[in-house]
Structures are given as structure tokens and as C-alpha cells.
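K.L.:
model this:
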Amino acid sequence: MSRIVANPDEAVADIVDGATVLIGGFGTAGMPYALIEALLRQGATDLTVVNNNAGNGDTGLAALLAAGRVRRIVCSFPRQTDSYVFDELYRSGRIELEVVPQGNLAERLRAAGAGIGAFFTPTGAGTLLAEGKEQREFDGRLQVLERPIHGDVALIAARTADEAGNLVYRKTARNFGPVMATAARRTIVQVDAVVPVGALDPEAIVTPGIYVDRVVATHDEDPA
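P.N.:
Presented below is the predicted three-dimensional model:
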């Protein structure tokens with residue numbers, strides 16, 4: 001079955017209301033803008049979004065927030081100088097927030113892909129972030145139990161895909177893409193280019209095609 005789809009709208013057509021959507025990107029680097037714009041047109045709402053940030057400016061994830069389509073966001077850095085869309089929504093009680101330390105966020109996603117049921121980490125132990133979570137002491141150090149973050153769908157950006165869905169990334173645009181691809185039931189990827197199978201150096205492939213369900217060439221990945 002071909003993983004290549006004609007356009008972003010086709011790629012996101014069956015995302016449902018209430019879905020948990022993992023969105024790649026570290027700020028604007030690696031943000032799958034074309035897929036987010038297609039999701040805006042598609043209309044799914046009441047979403048839970050997992051991203052490193054809570055939107056920048058008024059494009060990409062911030063536009064999805066501004067449209068009122070996100071009920072809850074799970075992220076590490078909800079506030080930057082240009083996170084005014086999120087700030088307004090949060091201060092007015094129109095969006096829920098779960099703050100997760102960045103390393104924990106990456107590991108919770110990785111754990112989902114690896115089939116790990118839970119893990120202990122010292123990050124956040126003894127703080128407000130650990131409230132309601134099991135805490136135990138290991139070798140004299142308090143640690144908190146964290147659980148995996150599974151997604152219904154992941155929207156990520158990569159530099160190049162081959163026709164089998166194998167992915168390579170460009171520098172910092174790689175960020176959360178690889179772990180999100182493994183943590184979601186369905187992974188949708190926008191790329192700059194699609195090449196024939198065999199054109200990619202196997203040693204350069206970061207995400208194997210087994211984790212990828214749909215690929216669309218959009219030619220607008222952020223170059224960072």
C-alpha cells in the first residue's frame with residue numbers, strides 16, 4: 001500500500017474530534033505547518049495537543065489554538081514572548097494545560113513507542129509537578145513515576161522520505177519527530193521531497209517507514 005498522498009488535506013481527512021494529536025516542532029523548527037493548516041480546514045475539534053511549546057505568533061499551532069480547536073495542551077514551554085494566543089486562552093480558562101519537563105516529555109513519548117508501561121525519574125520529584133503521582137526513593141534520591149504519552153495521530157515534518165516512508169531530517173528540525181512517530185497509532189509526515197526506494201543512505205535514515213502511515217510533499221518545511 002502506498003504511503004504517499006496527494007495533498008495535506010487528504011492526509012489529515014480522518015482525524016476525529018477529541019483526538020490526541022502529537023505535533024512535532026521545537027518552537028518553529030520542524031513545525032509541520034502545512035499539516036496544521038490542513039487540520040484547521042478539516043475541522044476536528046476538542047483536541048488534546050502534545051508539543052514542546054504552546055504556539056508561536058499566530059501561525060501553525062497558535063492558529064489552531066486561536067480557532068478554539070484545542071481543549072488541552074501538554075507541553076514543556078507554554079510561555080514565550082510570542083505565545084500571546086495561548087496566554088489569552090489560558091488566563092480566560094478556555095484551555096487546559098499540563099506542563100511536563102522537556103526531558104520527561106521526550107521520554108514519555110519514547111516510552112509509548114517502546115511499550116514501556118511507566119518509569120521513574122528524579123525530574124520533577126518533590127515539586128508541584130509530582131502532585132498526585134507515585135513517588136519513591138531509589139539510592140537515596142526521590143523519584144516520580146511517569147506514564148507514557150500515546151497519540152491517536154502524530155503530525156511531523158521531515159526533510160526527505162522515500163516511497164516506503166523512510167525518513168531523514170534536517171538538523172534541529174528533527175527534534176521530537178522520531179519519538180512522536182513511534183508513539184502514535186497513525187503518523188502523518190510532511191516532507192520537502194519524496195525519492196525512490198533505495199535513494200536514501202540506509203545509515204542516514206532516522207525513522208523507518210514501518211512507523212509512517214502517510215507522507216505528503218509540501219516543500220515548506222522550516223529550514224532551522
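
K.L.:
Going by C-alpha atoms from here, please, whenever you check contacts or count neighbours.
P.N.:
OK.

K.L.:
With just CA atoms, put the longest helix belonging to the chain into CSV.
P.N.:
Longest helix of the chain, by residue count under DSSP state H: helix 102-114. The C-alpha atoms that make up helix 102-114 are tabulated as CSV, following Å, rounded to 0.1, in the frame of the first residue of the first chain:
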residue,chain,number,x,y,z
GLN,A,102,11.3,18.6,28.5
GLY,A,103,13.3,15.5,29.2
ASN,A,104,10.3,13.9,30.7
LEU,A,105,8.2,14.8,27.7
ALA,A,106,10.6,13.2,25.3
GLU,A,107,11.0,10.1,27.5
ARG,A,108,7.2,9.7,28.0
LEU,A,109,6.8,9.7,24.2
ARG,A,110,9.7,7.3,23.7
ALA,A,111,8.2,5.0,26.4
ALA,A,112,4.9,4.9,24.5
GLY,A,113,6.7,3.8,21.3
ALA,A,114,8.9,1.2,23.2
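
K.L.:
Would you mind listing the buried residues in that helix?
P.N.:
Across helix 102-114, burial judged by 16 or more other Cα atoms under 10 Å covers 104, 105, 106, 107, 108, 109, 110, 111, 112, 113.

K.L.:
between the residues you listed, which is closest to residue 68?
P.N.:
residue 105 (24.0 Å; Cα to Cα).

K.L.:
Just the buried positions in the next helix or strand after the longest helix of the chain, please.
P.N.:
Heading C-terminal from helix 102-114, the first helix or strand you meet, by DSSP states H and E, is strand 119-121. Along strand 119-121, these residues count as buried under the neighbour rule (16+ other Cα under 10 Å): 120, 121.

K.L.:
can you tell me the average pLDDT over strand 119-121?
P.N.:
Summarised as a single mean, pLDDT over strand 119-121 is 98.

K.L.:
list the helices and strands it packs on?
P.N.:
With contacts defined as 3 or more Cα pairs under 8 Å, 6 or more residues apart in numbering; DSSP states H and E, the packing partners of strand 119-121 are strand 141-146.

K.L.:
rerun at 10 Å
P.N.:
Packing partners of strand 119-121 (3 or more Cα pairs under 10 Å, 6 or more residues apart in numbering; DSSP states H and E): helix 102-114, strand 135-138, strand 141-146.

K.L.:
Out of the ones you listed, flag the one nearest residue 17.
P.N.:
helix 102-114 (21.7 Å).

K.L.:
immediately after the host helix or strand of residue 22, which helix or strand?
P.N.:
The secondary structure element spanning residue 22 is strand 20-23 (assigned by DSSP H and E). Sequence-wise, the next helix or strand beyond strand 20-23 is helix 33-42, with elements assigned using DSSP H and E.

K.L.:
so what does that next one touch, helix or strand wise?
P.N.:
helix 8-11, strand 20-23, helix 61-66, strand 151-162, strand 184-195, strand 214-217.

K.L.:
Output the third one as PDB, nothing but the C-alphas.
P.N.:
Spelled out, it's helix 61-66. This file holds the C-alpha atoms of helix 61-66, laid out as PDB (Å, rounded to 0.1, in the frame of the first residue of the first chain):
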ATOM      1  CA  LEU A  61      -0.100  25.600  16.400                       C
ATOM      2  CA  ALA A  62      -1.000  29.100  17.600                       C
ATOM      3  CA  ALA A  63      -3.600  29.300  14.800                       C
ATOM      4  CA  LEU A  64      -5.100  26.000  15.800                       C
ATOM      5  CA  LEU A  65      -5.400  27.300  19.400                       C
ATOM      6  CA  ALA A  66      -6.800  30.600  18.200                       C
END
